[in-house]
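Asks: fold the following, please.
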Amino acid sequence: MARSFLAGLLYLAFLVLSVRAFGLTESGNSYVVDTSGGLIFTVDKTSGDITSMKFNGIEAQDSSKHSHIASGIGASCSWTRTGHNDNYIKITCSASGITHYYVAKYNDPSIHMATYTSTEPSVGELRFIARLKKSSLPNGIHESEMAGGTAIEGSDVFLVSGQTRSKFYSSHQHIDDIVHGVTGSGIGAFMIIPGTGYEGSSGGPFFRDINNQGATQQELYFYMNSGHTQTESYRMGLHGPYALTFTTGATPSGDIDTSFWEQLGDVQGLVTQASRGRVTGKASGYDSTQAEYIVVGFANSNAQYWVRARTSDGRFTSPYMKPGTYTMTLYEVELAVASQSVTVSAGGLATSNIASTIARPSAIWQIGAHDGTPRGFLNADMIETMHPSDSRMHDWVRTYTAGKDDIYYFPMAVFKAVGPATIRFALQSGQGGARTLEIATTLAFAGGRPKVTVNDWSGPSPAAPSQPDSRGVTRGTWRGNNILYTVNIPDGVLHTGSTVNTITIDVISGSSGDTYLSPNFVFDMVRLY
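Replies: Next up, the predicted model:
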């Protein structure tokens, strides 16, 4: 009996101590935060860096470099206990033009964060980097594990055991990139970007950026903006909320409630849900075979949002958005097929239907769907996770026979220093005369654009395209500015009957480069009508 009574007292004492564990202790320049959820993390109040993250006693923070916003901002920090029943600890770290928030929530093994910017960090891009201990969290994304590799392009693409690897190959399109993480024995660390977490980012729903890099450290990222094939200006203001969440290894849900941020007192740039509005409507006019890939986006200089339309009928309701006037865009897969203006008011629900305006001419032949992507083309299924030079890639120079060869035989990109794409085809009587050739592209590098030769006729040289001033396809992305080139083929150029026609599509540019860093562009679609 006495032994049972003593055991009961000890258990009660354990519960009391567990409840009281939630809090912040100052030790020298350190804020030590116990979440009472298995996570204890430490913030240096003189820099804003995280110097320790222990989950269930396992140290996740690397010892050589700290975790921080940008590459460290040299912030000064303060803290307060706040929110419902004082169940939150908010650490505010401020530097010139940047305020970064760390929030601990009672019994939650997460570091909740948000970042306010009025200027871009000096490093030139905005990202949170969790620099984790590789021995604790060895399992990252395979395609971005470059330990022991040899650099083959810049300092960010490596050859490892005969395969190309890069931190860029860890990326996923933002519309689907809600949770990504790394794991070890009894521990997992995951970035969660829920709801409107990307509203202050740049690039739209199909933009992608670095998530992970494995080296001597295990680096886990949330990229808010960068110069990596960026198609629009950076947005200032509040980025997030987002969270770094720890588990025993299982991937957590991305559906986390961030409404508690409204209880935390002053959070610069935070707009409450009550002060936001939404847009509802119906999308129409798109290719019905692509119904599951119809997206409606909203963007202005302050914010961006997106929503997938309902597959059954194209209806949609936007996330809660900041008040303002937005460009509303209908995407068929990744191609913008309509745009219009819509105004959002606080507490309002605007109705705005949108219909595709894209032309769909009846073609003699067409290679690829006009959807803003090279999906289905040769090497497109591998380009997001490996370099064009990778031994697993197929030969880039191809001669394609329209109406005979499978679409997969047509290359997704052409490189000036590698060679052109060639199309062969026959025309029936009545299909000759003046015709139109259209070449849709998704991205180009170093001013690359298509130069066409049809039989013995040389087509005009188009002007240099407006595309991101950045490597793209070698970094695993085809996302840029979709451009449609139109070539008017005069009467008398094309043959009918048994004589085969040949179209050669090469790259022209005022620039040059070696192999896959030579001027290039990515195909979306080619058609003759």
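Asks: any idea how this structure splits into domains?
Replies: Domain ranges of the chain: 22-250, 273-355, 365-528, per automatic domain parsing.
Asks: end-to-end on the longest one?
Replies: The stretch domain 22-250 measures 24 Å between its terminal residues, going by C-alpha to C-alpha, to the nearest Å.
Asks: run a quick neighbour tally on Asp514.
Replies: 9 (other C-beta atoms under 10 Å). All C-beta spots, glycine's among them, are computed from the backbone N, C-alpha and C.
Asks: and it, how close does it get to Thr499?
Replies: In this view, Asp514 and Thr499 are 38 Å apart by C-beta to C-beta, to the nearest Å.
Asks: before we move on, what about Ala413?
Replies: Taking C-beta to C-beta, one finds Ala413 at 30 Å from Thr499.
Asks: please say which of the two ends up with more neighbours.
Replies: Ala413 (30 against 10).
Asks: and the nearest residue to the more buried one once chain neighbours are set aside, what are its bridge partners?
Replies: Using C-beta to C-beta, 6 or more residues apart in numbering and skipping residues adjacent in sequence, the residue nearest Ala413 is Val522, 4.7 Å away. In this entry, Val522 is beta-bridged to Ala413, Leu443, by DSSP bridges.
Asks: which residues touch Val522?
Replies: Pro374, Met412, Ala413, Thr441, Thr442, Leu443, Ala444, Gly472, Val473, Trp478, Gly480 (C-beta atoms under 8 Å, 6 or more residues apart in numbering).
Asks: now do the same contact list for the third one.
Replies: Counting by C-beta under 8 Å, 6+ apart, Ala413 touches Pro374, Asn379, Ile383, Pro388, Trp396, Val473, Trp478, Asn520, Phe521, Val522, Phe523.
Asks: hang on, Ile111 in a helix?
Replies: No. Per DSSP: H, G, I helix; E, B strand; the rest coil, Ile111 lies outside any helix segment and is strand.
Asks: report how many residues lie close to the nearest residue to it once chain neighbours are set aside.
Replies: Nearest residue to Ile111 in three dimensions, chain neighbours excluded: Leu244, at 4.6 Å (C-beta to C-beta, 6+ apart). Other residues lying near Leu244 total 26 when counted by other C-beta under 10 Å.
Asks: and for His228?
Replies: 22.
Asks: equivalent analysis for Thr289, please.
Replies: 8.
Asks: what's the answer for Met53, then?
Replies: Neighbours around Met53, by other C-beta under 10 Å: 26.
Asks: tell me which element the nearest residue to Phe298 once chain neighbours are set aside is part of?
Replies: Computed as C-beta to C-beta, 6+ apart, the closest residue to Phe298 that is not its neighbour in sequence is Tyr326, at 4.2 Å. Per DSSP states H and E, Tyr326 falls inside strand 324-332.
Asks: buried ones in that strand?
Replies: Tyr326, Met328, Thr329, Leu330, Tyr331, Glu332 (16 or more other C-beta atoms under 10 Å).
Asks: please identify which helix or strand holds His68.
Replies: Counting by DSSP H and E, His68 is part of strand 68-69.
Asks: for the following helix or strand past that strand, which strands pair with it and how are they oriented?
Replies: Note on strand 68-69: by DSSP H and E, the next helix or strand toward the C-terminus is strand 76-82. Taking DSSP bridges as the criterion, strand 76-82 forms sheet pairs with strand 88-95 (antiparallel).
Asks: just the mean pLDDT for the partner strand, thanks.
Replies: Throughout strand 88-95, pLDDT has a mean value of 98.
Asks: sorry, back to before: most surrounded residue in the contacts of Val522?
Replies: Ala413 (30 neighbours).
Asks: tell me the pLDDT of that one.
Replies: With respect to pLDDT, Ala413 has a value of 98.
Asks: strands along the stretch 1-150 of the chain, start to end?
Replies: Ranges of strands within the stretch 1-150 of the chain are 23-27, 30-34, 39-44, 50-55, 58-59, 68-69, 76-82, 88-95, 98-105, 110-117, 126-133, 150-153, based on DSSP state E, counting those that start in this stretch.
Asks: other residues contacting the second one?
Replies: Taking contacts as C-beta under 8 Å, 6+ apart, the residues outside strand 30-34 that touch it are 21-26, 40-45, 51-52, 77, 79, 89, 91, 102, 104.
Asks: from these, list just the buried residues.
Replies: For the contacts of strand 30-34, buried by 16+ other C-beta under 10 Å: 22, 24, 40-45, 51-52, 77, 79, 89, 91, 102, 104.
Asks: let me know the closest of these to Met321.
Replies: Tyr102 (26.2 Å; C-beta to C-beta).
Asks: OK, contacts around the residue nearest to that closest one when sequence neighbours are not counted?
Replies: Setting aside the residues directly before and after it, Tyr102 is nearest to Ile91 in space (C-beta to C-beta, 6+ apart), at 4.2 Å. With contact set as C-beta under 8 Å, 6+ apart, Ile91 has these partners: Leu24, Tyr31, Val33, Val43, Cys77, Ser78, Trp79, Tyr101, Tyr102, Val103.
Asks: one more time with 6 Å, if that's ok
Replies: Ile91 is in contact with Val43, Cys77, Trp79, Tyr102, counting by C-beta atoms under 6 Å, 6 or more residues apart in numbering.
Asks: what's near enough to touch the first one?
Replies: Taking C-beta under 6 Å, 6+ apart as the definition of contact, the neighbours of Val43 are Tyr31, Ile50, Ile91.
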